[in-house]
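> Using only what follows, build the 3D model:
(3 chains)
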Amino acid sequence: MALAPTSTYAAGQDSSSSSTAIKASKKMENLNLPNSLNHPPRFLSFPLKRKHEILEHQNDHPPKISLTRHPPKWEPPHCSQKQAGENGFSKVKRAWSETAISELPEPQAKVSPSHQTGIVVEVHKETCATKKPLQICQRKVEEKCCESTLASKWTPSSVTCKPLKHKRAKLGPEHGTNGPKISHEGANGGGELQNQSKAGCLTAALTSDPRVTDCGKLNPEEKMLMLEKAGHAKALVLTLVYRDGTTQLDSEQKLAPAVCGLLMLMKNDLDGRTPEDPLGQNDSLVYLKLEHTPAWAQQCTHQSREDMLLQVLSRSQLVVCYKAKDLLRTTLQFYRQDLSWKQVAGCHVQDPQVSGWLLDPANPSSCYQDLFNKHCKRPHTTPAQGTKKCQGLWELYSDMELNMISVLAAMESHRIHVDKEALKRTSDLLGTKMKQLEQEAHRAAGQIFLVTSNPQLRTVLFEKLCLQERCENKKLPKTINKQQQSTSEAAVSILIPLVYTTTLCCNPQVHKIKSTFVDGILSCMTNKNYISSTWYQTSVVTGRISAKHPNFQALPRQPLQITKKQYIQGKNETVINVELYFCQVELRLLAHLSSDPELLRIFTHPQADVFTMLASQWKGVTEAEVTSEDREHAKRIVYSVVYGAGRERLSGILGVSAEQASRFQDSFLQTYREVQAFIQRTIQQCHKQGYVLSIMGRRRTLPNINAPDWGIRMQAERQAVNFVVQGRMTVGAVFCRNSVWCISECVCNCRLIAQLHDELLYEVEDSQVEQFAGEFTTPNIS
DNA sequence: CTAGCGTCA
DNA sequence: GAATTGACGCTAG
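Okay, here's the model as predicted:
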């Protein structure tokens, strides 16, 4: 039984498994983390730097980035998508799967390292602000997650010995109850075999309702009729039904329950019905049970392997689903053997959650009822239409947000396989190290205390050892709310030279790595040997995308190598990840918005990196001498000043006195006068209107903008400025455009894996990396 | 400075 | 004992 997932993997039915089967041509880079586990270093640090190695050719034709303007209506998906899915991707899937079989690693002997090495092609892309040639950079990158070769490592013991430390592990209703289980549902599924009886009851309750037709009970002719009816319906409203009896419309649950079916409302009367009584005379309500080999699909042989659900989803008429991303992802997960992600990524399903969030991103509705109460007070008005102030939002929704839904669903269904055993060994190793460090800290403090406790560390540092008295010349940071002595790393690092031991401050970092990145990832993969992040479209006020479980966007940039011993030579399999990197989107946008001549001038240098330039000026060295740390430093300073950091904060970042900091601030704003003018303009406008608009028409209301309290008002002003500039304007647009391009036009086999704010991470077959990069430089990606 | 998420007490 | 909150640290502009 334990072999099941392995064979599934080996057979290559899971498209994502292709990643592990790609033959590597690049040798693994052995990046040594400070040999931390041998000698405790003074500071166990993981620098933020990125390696920018400018490579080879530049293109003289900068690609234009623009949105494809869909009219605000529902369009059929491109025919070519289907083509690509059938003729392109699946063929390669087969090719990869053959490789996978022949190269399946032997158990134990070959364990892949806990990180991977890949090549990243960075394409520095032009934004709307300025025109400059495109650069292609190549750099080596060590992936942030621990991809590994191994499904074959999957054993019952590896599943059952999961520590129950983490909340998520404890909360899952299916966790740890009946041993190893094959989960086909992925991220939020799981436990499909469970709750059968419950599901049975629910289905019975649903299907016994006279208004509901149970599709499972229809004969083939009736099914065809039903499908035809669905095809002609003016609107389809879909809702996932969960095993625990809830649906997508119920309030949010801690852990998304397993799906058991789908309720489909076919509407022909689009007017004259109130929400309380949605079923009109010509309307019908159908229940589709979701099964891996759905009877209703099997019996329609001439439908080939094409799934009917897909037909429903990709029809040209209106399809609505609250939380459409979940629906699309579920579809992909259930029929992953028959369905290419490309087919689903082209679907357009209207989602009231997304449109509702656009109306007021700062206060998203918690559930459907909430959304309904908020926007549909009068039953006969449609919220998105009519009022003029929503006009821009509707375009934003239909041009961008709508396209993003299916792309995120496809991203979410991608599996990153992880060698659990290796990760566990890493965890143990870190645990041992932490114990050592803890003991040393106790010795240094002369007492036993809990090193992970800030209050206790504060007592030791400031009351017992009284270190603050020994550094009067340096100002120690305080906590924000309670104005206590801070125990943050910045504060402790000031104190460290005063103590003969360094271990007091080493603990938090080791601890962070262990708890968040090692154990944290382990806890995201109970009962499975892969991770997939959940992506959220509507949780960030500024319109960016966020991720959870694990938070892909916050994984460390640098790889973590524990010891040489820990780095076990694996097979030479790597994934090639290609990253599109848009230089300093926000700063460019700022330059554009403010039309500041100085700032614009900087961006006219085709090859220059803004922050490198600024860092070289700031440090008084040549640009070649600027280190990555300098660059990161400069970046933080620039953003801090632009977004209105106070002199205290700035002095902390700069590492100079408050007077110097405010001098720096003044000179910066003097140099970029238009930036300051833009900031003031924005604030003024916000005071007047009570809200601000970003360049894409995104809107944020700031109730505190006229607050009597100075602090609160200032914060609202900073938020206003930040909102206008931060937005996913460029990346978002390119995100959608390129995804569509990936699906339908790209001859490479590439797949979008993650969105890291200004970077798009693709998985591309090794041999096609150059071709892929080439395609991005051609003008047809506009 | 602004956005997030995850961990811990 | 469970749920919430503040401090911290990781990410990204």
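
> Kindly report the residues of the stretch 401-550 of chain A close to DNA strand B.
With Cβ under 7 Å from any atom of the strand as the criterion, the stretch 401-550 of chain A meets DNA strand B at residues A:450, A:452-456, A:511, A:515-516, A:519-520, A:523, A:536, A:539-542, A:544, A:546-550. To be clear about C-beta, it is placed using only N, CA and C from the backbone, and glycine gets the same treatment.

> how does it look with 6 Å?
A:450, A:452-453, A:455, A:515-516, A:520, A:523, A:536, A:539-542, A:546, A:548-550 (Cβ under 6 Å from any atom of the strand).

> Residue A:434: how many residues sit nearby?
Look at residue A:434: counted by other Cβ atoms under 10 Å, it has 19 neighbours.

> Among the residues of the stretch 401-550 of chain A next to DNA strand B, which are located in strands?
A:536, A:546, A:548 (DSSP state E).

> Does the second one touch residue A:552 like I think?
No: Residue A:546 lies out of contact with residue A:552 (Cβ atoms under 8 Å); the separation is 9.6 Å.

> And the two? Which one has more around it.
residue A:552 (23 against 18).

> Return the subset of the residues of the stretch 401-550 of chain A next to DNA strand B lying in helices.
Counting by DSSP state H, the part of these found in helices is A:455, A:520, A:523.

> Most neighbours among these, which one?
residue A:523 (20 neighbours).

> and that residue, how far is that from residue A:549?
In this view, residue A:523 and residue A:549 are 9 Å apart by Cβ to Cβ, to the nearest Å.

> Equivalent analysis for residue A:510, please.
Taking Cβ to Cβ, one finds residue A:510 at 23 Å from residue A:549.

> what about these two, which has more around it?
residue A:510 (20 against 17).

> which SSE is the more buried one in?
helix A:503-512 (DSSP states H and E).

> can you tell me the average pLDDT over that helix?
Mean per-residue pLDDT for helix A:503-512: 66.

> Then stretch A:354-366?
Per-residue scores along stretch A:354-366 average to 91.

> would you list every one of the strands in the stretch 451-600 of chain A?
Secondary structure of the stretch 451-600 of chain A (DSSP state E, counting those that start in this stretch): strands located at A:530-531, A:534-536, A:546-548, A:576-581.

> Residue A:443: how many residues sit nearby?
For residue A:443, using other Cβ under 10 Å, the count is 12.

> So out of everything in the stretch 501-650 of chain A, what residue is nearest DNA strand B?
residue A:649 (2.6 Å; Cβ to the nearest atom of the strand).

> Could you tell me which residues make contact with that residue?
The neighbourhood of residue A:649, defined by Cβ atoms under 8 Å, 6 or more residues apart in numbering, consists of residue A:640.

> In what element of secondary structure is it found?
helix A:647-654.

> Quick one: list the elements packing against the helix or strand that comes right after that helix.
Sequence order places helix A:658-671 as the next helix or strand after helix A:647-654, per DSSP H and E. With contacts defined as 3 or more Cβ pairs under 8 Å, 6 or more residues apart in numbering; DSSP states H and E, the packing partners of helix A:658-671 are helix A:628-642, helix A:647-654.

> near DNA strand B, which residues of the stretch 601-750 of chain A show up?
Checking the stretch 601-750 of chain A against DNA strand B by Cβ under 6 Å from any atom of the strand, the hits are A:636, A:639-640, A:643-646, A:648-649, A:715, A:718-719, A:722, A:726.
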